[in-house]
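*Asks:* Model the structure of this input:
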Amino acid sequence: MTKTTSAAVDDRLSDSNPSIAELHRENRELRAELDQVEPVISAAVLAATAFRMRDQEALLSALRMLVRATRLFEADHACA
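*Replies:* Numbers count the residues shown, from 1 in each chain. Modelled structure (predicted):
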């Protein structure tokens, strides 16, 4: 019994229908974009949670992480 990977299934479906291939390509691009902004989103959620819990120490830490994540994101996209 062989395991079928999602990439193999994608390839098989792509061969039979070009619109499905386009959807898979767009999906991969969107996932790559999400991977780039995920640290910013995570830090923002942590900051919001710390704010709601009124935990000043955690809020300061989360805001520092948010600033760091935002700077890295902006540096990566400055050349684009």
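*Asks:* Just name the shakiest helix or strand of the protein by mean pLDDT.
*Replies:* Ranking every helix and strand in the chain by mean pLDDT, DSSP states H and E puts helix 6-16 at the bottom, with a mean of 61.
*Asks:* Can you name the next helix or strand after that helix?
*Replies:* Per DSSP states H and E, the first helix or strand lying C-terminal to helix 6-16 is helix 18-52.
*Asks:* which helices and strands does that next one pack with?
*Replies:* Applying 3 or more CB pairs under 8 Å, 6 or more residues apart in numbering; DSSP states H and E, one finds that helix 18-52 makes contact with helix 6-16, helix 56-78. Backbone N, C-alpha and C define where each C-beta goes, glycine included.
*Asks:* Please point out which parts of it sit buried.
*Replies:* Buried residues in helix 18-52, counting neighbours by 16 or more other CB atoms under 10 Å, are found at 24, 39-40, 43-44, 46-47, 50.
*Asks:* Name the nearest of these relative to N17.
*Replies:* Closest to N17 out of the buried residues of helix 18-52 is H24 (10.2 Å), distances taken as CB to CB.
*Asks:* before we move on, the earlier item: mind putting the helices and strands packed on helix 18-52 into JSON lines with distance to E29 and mean neighbour count?
*Replies:* Shown next, in JSON lines, are those (distance: least, CB to CB, whole Å; neighbours: other CB atoms under 10 Å):
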{"stretch": "helix 6-16", "distance to E29": "14", "mean neighbour count": "11"}
{"stretch": "helix 56-78", "distance to E29": "15", "mean neighbour count": "13"}
